[in-house]
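> Fold the stuff below for me.
(one chain, ligands or ions: 1)
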Amino acid sequence: MKQPHPGLSQHMGHWGMFRAESADGEVTAVHPQKTDRNPSPVLGNLVGSVTHRSRVQGPAVRRGWLERGPGPTDRRGSEEFVSVSWDELTELLAAELSRVIDRHGNQAIYGGSYGWASAGRFHHAQSQVHRFLNCIGGYTRSVHSYSLGATGVVMPYVLGAHWKMFSRSTSWDVIARKTELIVAFGGIPLKNTGINHGGTSDHPTASALDALRARGGKIVTISPLRNDLDGAARWLTPIPGTDVAMMLGLAYVLVSENLHDTAFLDRYCTGYARFEEYLLGVTDGTPKTAEWASHICGVSTSEITDLAREMARRRTLVTVTWSLQRTKSGEQAPWMGVTLASMLGQIGIPGGGFGHGYGSMNEPGLAPVPYPLPTLPQGSNPVKAFIPVAAVSDMLLHPGEEFDFNGQRLTYPDIRLVHWAGGNPFHHHQDLGRLRRALARPDTVVVHDPYWTPMAKHADIVVPSTTSLERSDISCTRNDPLLVAMHPAVPRFADARDDYDTFSAVAERLGVGAQFTEGRTSEEWVEHLYDQWRGYLRGMNVDTPDFDEFWQLGSWPMATEDGLTLLEDYRGDPEKYPLRTPSGRIEIFSEVIEKFGYEDCIGHPAWYEPVEWLKGVRAQQFPLHLIANQPRTRLHSQLDHGARSQASKVHDREPIRMHPKAATDRGLHDGDVVRVFNDRGACLAGVVVDEDMMPAVVQLATGAWYDPEDPADVGSMCVHGNPNVLTADVGTSSLSHGCTGQHVLVQIERFDGVVPPITAFDPPQFVERETVRRPLG
Ligand code: PGD
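Prediction:
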C-alpha cells in the first residue's frame, strides 16, 4: 500500500490536511489542503521533523534498570541509556510485564497513558496500548481528559452528555446567519481552532466571525488577554478566575429587572428556584448583585448591568471556552454558562443559547457526520481500578489511600509498572517536581514515543515509535466531511517501529500474538477497518468505493448534518427528546451532586474563592497571575523544535508576555531573560512586552520541553520555560478532580546569571553495552 504520488503525499495531522513534499527521508515542504479556509500555520513545524536530532534512533534501556533490575529510583531523568536490539527489548519488556502481573496482578500496570499522539484511526497510540494491555489481562485505566476534566464529569448531570455539546453544537453557518451577540467567556481564540483531535479538512471559525460582523453582529470577549479573540470585539477583563462571579452578577440583573425567561426555566429546566435562592442571597445572606460581582471581578457595575440588558434584548449566544474549566472549581463556569443561557431562554433557538469550546479546538461549530467511524477494537479490560486522569501523581505517591471522585470513594492502586504511549506528562501534568517524585516510585516506566521527550528521558525502557508521516492510515473525525487516506510521506526513520509492530512482537512472546494481531499486518488492518466501515455504510444504503479506489482517490466525502442548533430537538419536543439527565431536563440544581455532599461542589453553580487569584493572600507573595494556556505556534509540546515554534522563542526560551507596567515595575524590557518563580518551582522565559493584556497578568504557553538545569535535582529550575513547574497539582474539586493547570500565581525577576544552553532537544547520554554490569541473579 504505497503512496500513489511519490514525492507528494497526502496526509492528515491534528493541525489539518496537507500534502507533504519529501526528499531523502525528510519532509521538505508542506502544502495545506486547497479548500481549507484558514489553514493552521502550525503545519510549518513538520518540515525537518522526521530526522530531527531529538528522534529516538533505536530501542534503549536506562543503565541502572539493566544493572540493578526493576525498582523505585530517583535516577530516572538523569541517568545514561544503553542501546539494545529489538529482540532484546521485546524480551525485556515481555519478561517485566510477566513479572509484574505474576507478582502484583494486572492492576499494578498503569496504562492510562494519556496524550494526543497522532491522527489516524488505526495507529492511534492509545488504542494500540489499550488493546495490547487488554490482551494480557488488563490494566489500571484513567478516565476523562486534561482538556475537559471538569466538564466531562459535571455536564452529564446538567445536560445529559458532554461530548454532544461539541459534536452537535450550533454550527458556524447558523451563528454567522442568526446570532446578534456572542458573549464569549474566554474569547474564541483562533490559535486553538487550528487544531482538531484526529484531524480536520477546513477551518471555518474566522470566516464565520467575519460574516457575523458584516451582518452587524457583535462580539464581547471576556478574557484577561485581548488576543483571545482576533478582530473587532468589545473587550471586558474580569480578574482571572472570576468569570463565574461575573456571570452571577449578570444573572442577578436579569432577575431583578424581570428579564429572565420564566416560561423556559419552568418547561425545560429543573431546580432553578433552588439556584435563585442562592443568587438572591436567601441561602447565604449575600445577594449576587452586579455590585457584588464587580467587587470580585473588577468589571464595573454599569458594564455588567448594560451587558445583561443587551443579552436579554438580542439573539445571544453565551460561550465558555474549555480553558475556564481547567482551573480550581472548573465545574462552575460551564454550569453557570448553561444557567445564564437558560435564564435568557434562547437555548435551542438558532443563533442563541449556549456553546462550550468554540475556540478551544476546531470541532465545536462543525457539522457532524451521521455515521460510525472506522475504529480499532480495544477489547475489554477486566481490571476495575481507575483514576481521574489528572490524579496520576497522587496515585503513584499514595498507593492504598482513599479519594473522592464523582460520588464514589475509590482507592489508589499500587502501581509497579507505568506504560505510556503517545503522551507527554512533562507537558500535560502540573507541578513537575512532584511528578518526578511520583515517577520515582514504580519499578518500571515504559515509554513509546518517536522523540526523546522529557517523558522518554524519564523512562527505563524507551520504545522508538514511527511518526504518522512514516505510516499508512485512515483519518476521519465525527465532525469532518472527509474520510482521508493518509499516505506515508517518508520511509521509516532509523530503527523506529510502528507501535503496532512492537506490541505484536511482545504479544507474540507473551502467547497472545494471534489475539492481538488477528493475523493481520498493519496495512491489512487499515484495509480491514475500511472494509468493515464500508459494510456498515452499505447497511445504511450508502455506497462507498472499494479500498483500492479510495486509496487512489485519497479522500471520500461523507454527508454531514448541516445547520444544527444545539438542543433544537429538545426545545421542539422535550417529552420526545428528553435529556439524559436524571430529570430529563436541564439541571440547574442537581440533586445527585447535592447528595454527594462535597463542600467544593454543591448542587448548583456557585462562586468559590480560589487560592490562586489576585485578590487572595497568596498574591501578596506572588503578585502576577500567570495564564498557562495553549501555545500559538505548536500543538501542546509536539514539534517544539519545529521552525514555527522556534521562531517564537526569545533567546531560545519560551516567550512570556507581560504588560508594560508589570515589565517597567521590574525594570524589564523586550527580549530580557527572566526567572519566573513561586514556592513550587522556577523557570526561565524571554520577555515580550504587550499592552493587550491586564497589567497584573502574564502569559506563558504550555509546551516548551522541560529542561532541568540539573537533571539530578527533581526541583531544578527549567531553563526553557515550561509553566508546569509552577502550577499546582490539585484537582478542580472532589467531584471531578480535573486538571487545574491554566492559572497560577508567580513572581518575576530579571535573570542575571549566565543563560544556560537549551539541551531539551538533545538525546540523553548513552554508554556502551560492554560497560554495563549484569544484574545479580
Ligand atoms: P502532546 O505534546 O500532544 O501533549 O498533553 P499531551 O500529553 O497530549 O503529547 C503527545 C506525544 O505523543 C508527543 O510526545 C508525541 O511525540 C507523541 N506521539 C505522536 N505520535 C505518536 C505515535 O504514533 N506513537 C507514539 N507512541 N507517540 C506519538 C496535552 C494536555 O495538556 C491537554 S489535551 C490539555 S488541554 C492540557 N492543557 C494544559 C493547560 O491549559 N495548562 C497547563 N498548565 N497544562 C496543560 N496540560 C494539558
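> for Thr544, what are its contacts?
533-534, 537-538, 550, 556 (Cβ atoms under 8 Å, 6 or more residues apart in numbering). The C-beta positions use only the backbone N, C-alpha and C, and glycine is treated the same way.
> Return only those of those residues found close to the ligand.
When those are filtered against the ligand using Cβ under 6 Å from any ligand atom, no residues are retained.
> Among these, which lie within strands?
Where those overlap with strands, as defined by DSSP state E, the overlap consists of Trp556.
> Mind giving me the ChimeraX command for buried ones among the contacts of Thr544?
This is how ChimeraX selects the buried members of these, with burial counted by 16 or more other Cβ atoms under 10 Å:
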select :533,534,537,550,556
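> mind listing which of the contacts of Thr544 are in helices?
533-534, 537-538, 550 (DSSP state H).
> any idea which of these is closest to the ligand?
Of all the ones in helices among the contacts of Thr544, the one with the least separation from the ligand (Cβ to the nearest ligand atom) is Trp533, at 20.9 Å.
> which ones are touching the closest one?
The neighbourhood of Trp533, defined by Cβ under 8 Å, 6+ apart, consists of 371-374, 544.
> With Val27 instead?
With contacts defined as Cβ under 8 Å, 6+ apart, the neighbours of Val27 are 20-21, 46-50, 469, 489-490.
> among these, which ones are buried?
Applying 16+ other Cβ under 10 Å to the contacts of Val27, the neighbour count classes 20, 46-47, 49-50, 469, 489-490 as buried.
> how many other residues sit next to the closest residue to the ligand within the chain?
Residue nearest to the ligand within the chain: Gly741 (2.7 Å; Cβ to the nearest ligand atom). Gly741 sits with 25 neighbouring residues when counted by other Cβ atoms under 10 Å.
> and if you look at Ser85?
Neighbour tally, Ser85, other Cβ under 10 Å: 12.
> same thing with the one 5 residues further on?
Residue neighbour count, defined by other Cβ under 10 Å, stands at 21 for Thr90.
> Next: Ser583.
17.
> Please list which of the buried ones among the contacts of Val27 are also close to the ligand.
Taking Cβ under 6 Å from any ligand atom as the test, the ligand is in contact with none of the buried ones among the contacts of Val27.
> does Glu88 really touch Pro59, like I thought?
Yes - Glu88 is within contact range of Pro59, at 7.3 Å (criterion: Cβ atoms under 8 Å).
> So the two - more neighbours on which side?
Shown here are Glu88 and Pro59; by other Cβ under 10 Å, Pro59 has more neighbours (25 against 15).
> So Val688, which state does it fall into?
In the three-state summary, Val688 is assigned as strand, counting by DSSP: H, G, I helix; E, B strand; the rest coil.
> Contact residues of the stretch 551-700 of the chain facing the ligand?
Near the ligand, when you scan the stretch 551-700 of the chain using Cβ under 6 Å from any ligand atom, you find 628-630, 635-638.
> can you redo the residues you listed as a markdown table with distance to Lys384 and secondary structure?
Output for those, formatted as a markdown table (distance: Cβ to Cβ, whole Å; DSSP: H, G, I helix; E, B strand; the rest coil):
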| residue | distance to Lys384 | secondary structure |
| --- | --- | --- |
| Ala628 | 34 | coil |
| Asn629 | 36 | coil |
| Gln630 | 34 | coil |
| Leu635 | 33 | strand |
| His636 | 30 | coil |
| Ser637 | 32 | coil |
| Gln638 | 33 | strand |
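> Can you check those residues and name whichever has the most neighbours?
Using other Cβ under 10 Å as the neighbour criterion, Gln638 leads those with 28 neighbours.
> quick one, what contacts it?
Gln638 makes contact with 14, 45, 116, 703, according to Cβ under 8 Å, 6+ apart.
> what helix or strand does the third one sit in?
This points to Trp116. In this structure, Trp116 is located outside every helix and strand according to DSSP states H and E.
> Retrieve the pLDDT associated with it.
At Trp116, the model reports a pLDDT of 98.
> same deal with the second one?
As predicted, Asn45 sits at a pLDDT of 98.
> What distance do you get for the residue nearest the centre of the chain to Leu376?
Residue closest to the average C-alpha location in the chain (Cα atoms, centre = their mean): Ser147, at 3.5 Å. Ser147 sits at a distance of 22 Å from Leu376 (criterion: Cβ to Cβ, to the nearest Å).
> repeat for Thr560
24 Å.
> Neighbour count: those two, which is higher?
Neighbours of Thr560 and Leu376, each counted by other Cβ under 10 Å, are more numerous for Leu376; the result is 20 against 16.
> leaving aside the residues next to it on the chain, what's closest to that one?
Ser127 (4.6 Å; Cβ to Cβ, 6 or more residues apart in numbering).
> related to what we said a few turns ago, mind checking pLDDT for the residue of the chain closest to the ligand?
The model reports Gly741 with a pLDDT of 98.
> which residues does it contact?
Listed by Cβ under 8 Å, 6+ apart, the contact set of Gly741 reads 146, 326, 428-430, 628, 702, 723-724, 727.
> Next: Tyr598.
With contacts defined as Cβ under 8 Å, 6+ apart, Tyr598 is in contact with 404, 733-735.
> Recalculate using a threshold of 7 Å.
With contact taken as Cβ atoms under 7 Å, 6 or more residues apart in numbering, Tyr598 is in contact with 733-735.
> sorry, back to before: quick one: the contacts of Trp533 as CSV, columns for pLDDT too.
Rendered in CSV, the data for those read as follows (pLDDT from 0 to 100):
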residue, pLDDT
Tyr371, 92
Pro372, 93
Leu373, 95
Pro374, 96
Thr544, 96
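> Any chance of the backbone angles for Arg618?
Backbone torsions for Arg618, taken as degrees, to the nearest 10, come to phi -60, psi -30.
> Now do the helices in the stretch 51-200 of the chain.
Here the stretch 51-200 of the chain has its helices, by DSSP state H, counting those that start in this stretch, at 63-68, 86-104, 125-135, 149-158, 164-167, 172-178, 190-193.
> Tabulate those helices (CSV), appending distance to the ligand.
Rendered in CSV, the data for the helices of the stretch 51-200 of the chain read as follows (distance: least, Cβ to the nearest ligand atom, whole Å):
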stretch, distance to the ligand
helix 63-68, 19
helix 86-104, 14
helix 125-135, 4
helix 149-158, 9
helix 164-167, 13
helix 172-178, 22
helix 190-193, 9
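> which of these sits most buried?
Greatest average neighbour count among the helices of the stretch 51-200 of the chain goes to helix 149-158 (a mean of 27), per mean count of other Cβ atoms under 10 Å.
> The stretch 101-250 of the chain against the ligand: which residues are in contact?
115-118, 123, 125, 146-147.
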